[in-house]
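Undergrad: build me a model:
(one chain, ligands or ions: 1)
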Amino acid sequence: MSGVARLELDGTVYELPTYVGTEGERAIDISKLRDTTGYITLDDGYGNTGSCRSAVTFIDGDAGILRYRGIPIEELAGRSSFVETAWLVIFGTLPTVEQRDRFSTLLSDSAMIDEVMRKHFNAFPQSAPPMAILSAMINTLSAHDAGVTQIEDDADMERATAVLMSKVRTIAAASYKASIGEPLVYPRYDLKYAENFLHMMFSVPYRQFEATPEVTAALNLFLMLHADHEQNCSTSTVRMVGSSKANLFASCAAGVCALWGPLHGGANVAAVQMLQQINDSGMPVAEFVRKVKNKDEGVKLMGFGHRVYKNFDPRSKILKKSVDEVLAQLDKTDPLLDIALELEAAALEDDYFIERKLYPNVDFYSGILLRAIGIPLEMFTVMFAIGRMPGWIANWKEINDDEKSRIYRPRQIYVGPTGVQWQPRDER
Ligand code: CMC
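TA: Numbering: from 1, shown residues only. As a prediction, this is how the structure comes out:
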């Protein structure tokens, strides 16, 4: 506690403790508000509600700052790998050489999924969305290895983390293979995290896929930039489910479901579909912007706007630069990039977007990067889920480690009918 706020209600003044976080963010602690005053707070969409104290990720949305465990995203993007960043996010510090080697071995050892589990993929219709398969299969993991859900100490947590992070990649690739009617590909022990995923996605029994260093680096970057983003919809969901003491796998399966929506992780699909439609229809960018501003048929500029960022999302800046570099390295062009650049420029000088502080978010350029490295559109949100897994695990761990943590259980203001009586069926 660092101070007090005074609140006057019905003629009585109440004192509420205030807190300041390590980056100067301020909060009024209202946890005893209902007990002392009979009031609750009402905050649709939780825009002003701090649901927890967390030491994982810091965002300053006004300044466009994102840090994992205190390290700016720009520093990690230039130097770290996804696996190292995942360790940082989950366990709190950059891994030592020994920790890094041990974790890499655990990841390699955990890449296979149970042979029986492989058969589940045949039971889904070929048209099944990969996100539906992903969430079902993550939940199923704990049924095949019940021991992994018993987390008593750091070693158990490390093993569960490796199992989840490693197998999610195998499941994701298998769901894609199932959707295109190709046989599932076994992981390879000699390949690192990103390369192994690309191998399982694109190898076929008669031809091994060899990822180029540029493609592997681009995938590592994509995953790293998605590793955590504090209390977003899916992470809050993971914490919500985890707060009931549900196991790590059940909690993260719920995170996948929350991520699926087009306002969250599904925006990377929606953004590319939007660019594709503009491209295919030949609609001038100015005309599309006009439709967005008029809110015609609910048209939004997908990949723009953010609940927290009222400035550039630092991830979108990094991705924009990387898309250019990767396309040049691969000697490719993408007409959707030209449209995206034109759209961004138009939006950034338009009063509608300026007044509302709408800037490109992570999903504006990420889809173009994924296209450049050959990931099909229906897998985009799955890629986001693989990337976000460290953040979900870290947030679940925070809840699990906190002996004082309570079940998440918000209140509501009831606005429905009152005093209604049941009527017999023939009188209705
Ligand atoms: N295009 C056009 N108008 C927009 C957009 C947009 N992308 N985003 C917000 N607005 C308008 C909105 O209509 C509202 O206008 P008004 O004041 O006239 O009613 C105003 O800006 C404030 O928006 P809001 O919907 O109240 O903001 P929010 O914080 O509830 O929603 C958001 C944030 C990200 C859901 C929203 O900006 C959005 O729908 N963006 C498009 C979808 C998207 O790109 N989502 C990915 C988010 S980042 C990654 C992730 O979380 O997965």
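Undergrad: residues contacting the closest residue to the ligand within the chain?
TA: Closest residue of the chain to the ligand, CB to the nearest ligand atom: Gly305 (2.3 Å). (C-beta placed from N, C-alpha, C; glycine too.) Contact partners of Gly305, counting by CB atoms under 8 Å, 6 or more residues apart in numbering, are 356, 358-359, 361.
Undergrad: redo that, cut-off 6 Å
TA: Residues near Gly305 by CB atoms under 6 Å, 6 or more residues apart in numbering: Leu358.
Undergrad: for Asn196, same thing?
TA: Neighbouring residues of Asn196 by CB under 6 Å, 6+ apart: Pro187.
Undergrad: mind checking how far whatever helix or strand it lives in is from the chain centre?
TA: Using DSSP states H and E, the element containing Asn196 is helix 193-202. How far helix 193-202 lies from its chain's middle: 20 Å, per CA atoms, centre = their mean, to the nearest Å.
Undergrad: ok, then the element right after that helix?
TA: helix 213-225.
Undergrad: report whether that following helix contacts the ligand.
TA: No. Using CB under 6 Å from any ligand atom, helix 213-225 stays clear of the ligand, coming no nearer than 10.8 Å.
Undergrad: could you check the angle helix 193-202 makes with that helix?
TA: Angle, helix 213-225 to helix 193-202, by axes from the mean of the first three to the mean of the last three CA atoms, to 10 degrees: 110 degrees.
Undergrad: show me what helix 213-225 is packed against.
TA: With contacts defined as 3 or more CB pairs under 6 Å, 6 or more residues apart in numbering; DSSP states H and E, helix 213-225 has these neighbours: helix 82-91, helix 193-202, helix 314-329.
Undergrad: next one: the residue of the chain closest to the ligand from Leu263, what distance?
TA: Gly305 sits 10 Å away from Leu263, going by CB to CB, to the nearest Å.
Undergrad: from Asp190, how far off is the residue nearest the centre of the chain?
TA: For the chain, Arg388 is the residue whose C-alpha lies nearest the centre (CA atoms, centre = their mean; 4.3 Å). Separation of Arg388 from Asp190 (CB to CB) stands at 27 Å.
Undergrad: what's the answer for Asn361, then?
TA: Computed as CB to CB, the Asn361 to Asp190 distance reads 37 Å.
Undergrad: likewise Glu398?
TA: 34 Å.
Undergrad: list the buried ones in stretch 299-315?
TA: The neighbour-count check on stretch 299-315 (16 or more other CB atoms under 10 Å) flags 300-306, 308-309, 312-315 as buried.
Undergrad: around the ligand, which positions in the stretch 201-350 of the chain sit nearby?
TA: 232, 263-265, 267, 292, 300-307.
Undergrad: let's see that with 8 Å instead.
TA: 229, 232-234, 259, 262-268, 270-271, 292-293, 295, 299-307, 313 (CB under 8 Å from any ligand atom).
Undergrad: circling back: looking at Glu398 and Asp190, which has the bigger crowd around it?
TA: Glu398 (18 against 8; other CB atoms under 10 Å).
Undergrad: how about the nearest residue to the more buried one, chain neighbours excluded?
TA: Excluding the flanking residues, the one nearest Glu398 by CB to CB, 6 or more residues apart in numbering is Ser54, at 6.0 Å.
Undergrad: which strands and helices sit next to the top strand by length along the chain?
TA: With secondary structure taken from DSSP state E, the chain has its longest strand at strand 12-20. Under the contact criterion of 3+ CB pairs under 6 Å, 6+ apart, strand 12-20 touches strand 3-9, strand 26-28.
Undergrad: pairing partners for that strand, with directions?
TA: Partners of strand 12-20 in the sheet, by DSSP bridges, are strand 3-9 (antiparallel), strand 26-28 (antiparallel).
Undergrad: can you list those in a markdown table and add mean neighbour count, distance to Glu342 and mean pLDDT?
TA: Compiled in a markdown table, these are given as follows (neighbours: other CB atoms under 10 Å; distance: least, CB to CB, whole Å; pLDDT from 0 to 100):
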| stretch | mean neighbour count | distance to Glu342 | mean pLDDT |
| --- | --- | --- | --- |
| strand 3-9 | 12 | 47 | 96 |
| strand 26-28 | 15 | 40 | 96 |
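Undergrad: out of those strands, which comes closest to Thr49?
TA: strand 26-28 (9.5 Å; CB to CB).
Undergrad: and that closest one, how far from the chain's centre?
TA: Using CA atoms, centre = their mean, the offset of strand 26-28 from its chain centre is 26 Å.
Undergrad: and for stretch 96-104?
TA: That offset, for stretch 96-104, works out to 25 Å (CA atoms, centre = their mean).
Undergrad: for stretch 419-428, same thing?
TA: Per CA atoms, centre = their mean, the centroid offset for stretch 419-428 relative to its chain is 46 Å.
Undergrad: now do the same end-to-end measure for that stretch.
TA: Stretch 419-428 has its terminal residues 17 Å apart, counting by CA to CA, to the nearest Å.
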